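*Asks:* need the 3D shape of this:
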Amino acid sequence: AADGTRKYLLALEDGVTVESVLIPEGTRRTLCFSTQAGCAVGCLFCATGQGGFRRQLTAGEITGQLLAVEAESGETVGNAVAMGQGEPLLNREQVFRALALLHEPKLFGLGARRLTLSTVGVIPGIRELTALKLPYKLAVSLHAARQEVRDRLIPAAQRYPLSDLREVLREYADTTRNRITFEYLLLAGVNDREADLDALVRFGTGLPVFINLIPWNQVAGLSFHSPAEREVQRFASRLAERGFEAAVRKEKGAEIEAACGQLTQQKFND
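*Replies:* A predicted model of the protein is given here:
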């Protein structure tokens, strides 16, 4: 992409493919890696979710993405985020193994604060993460704090009610003393209204959170729209007024379908 973002389509031993994205930010390089081939969560706004689920990735296939990208790019990855294809906590045994390998000083040597695990809120997985006291950063793809809106946007999350999710996140924060990131994708007229902001404030109150606001990236065939920039900034300002630290994510690689929610395992036609 023009901003230096690179998307990689990687073939695995059985011919199944996954995508990884190398994101530049100054001198830092972040790898967004996949934990499943496809995704079974089925988020309505996400190209990956619309494509369905193929299979779980092994720990070797997860860490192999970093090896392959570093070898091809000649760049050293300093941060790695499990935010590519798949729901990491639906493949947690292999994902936890992969994160341990990435963290191991004698192998990849990435610091725990440079490794982020993202989830739509798989409660058993968060409980296991808490019990094991794993040190990695946790990001929750919340996207809505009103139950009826979240149920519609993230069908598979219906089994994890927001009240239960909030309780398990409180336990996680109390046990690990880690701050949690809320990923909140803004969809015009869907989850960006005052009632949505009020619900988000109520859900986050009492939790150590940082809120990452993400304007929606265009996905072919889907009818959602991103709010106008002024509305995105207004949402961020209103959160700040309510005492929350929030920022609008600067998306990279959208023109090559490498931004959040755009990974489809399809060869990109240059």
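*Asks:* any idea how far residue 45 lies from residue 186?
*Replies:* 10 Å (Cβ to Cβ, to the nearest Å). In short, each C-beta sits where N, CA and C put it, glycine included.
*Asks:* pull up the overlap in contacts between the two.
*Replies:* Both residue 45 and residue 186 are in contact with residue 216, where contact means Cβ atoms under 8 Å, 6 or more residues apart in numbering.
*Asks:* for residue 213, give the beta-bridge partners.
*Replies:* Beta-bridge partners recorded for residue 213 (DSSP bridges): residue 184, residue 248.
*Asks:* give me the pLDDT for it.
*Replies:* Note on residue 213: pLDDT of 94.
*Asks:* pretty sure it contacts residue 247?
*Replies:* Yes. Using Cβ atoms under 8 Å, residue 213 is in contact with residue 247, at 6.9 Å.
*Asks:* between these two, which is the more surrounded one?
*Replies:* residue 213 (20 against 12; other Cβ atoms under 10 Å).
*Asks:* overlap in contacts, residue 213 and residue 247.
*Replies:* residue 236.
*Asks:* any weak-confidence spans in the stretch 1-150 of the chain?
*Replies:* 49-50 (pLDDT under 70).
*Asks:* now the helices for it?
*Replies:* Taking DSSP state H, counting those that start in this stretch as the test, the helices found in the stretch 1-150 of the chain are 47-51, 59-73, 92-103, 123-132, 147-153.
*Asks:* Serialize those helices to TSV and add fields for mean neighbour count and distance to residue 2.
*Replies:* TSV is the format used below for those (neighbours: other Cβ atoms under 10 Å; distance: least, Cβ to Cβ, whole Å):
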stretch	mean neighbour count	distance to residue 2
helix 47-51	22	21
helix 59-73	18	17
helix 92-103	20	29
helix 123-132	17	37
helix 147-153	16	30
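*Asks:* need those helices in JSON lines (columns: distance to residue 112).
*Replies:* Output for the helices of the stretch 1-150 of the chain, formatted as JSON lines (distance: least, Cβ to Cβ, whole Å):
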{"stretch": "helix 47-51", "distance to residue 112": "26"}
{"stretch": "helix 59-73", "distance to residue 112": "16"}
{"stretch": "helix 92-103", "distance to residue 112": "6"}
{"stretch": "helix 123-132", "distance to residue 112": "12"}
{"stretch": "helix 147-153", "distance to residue 112": "29"}
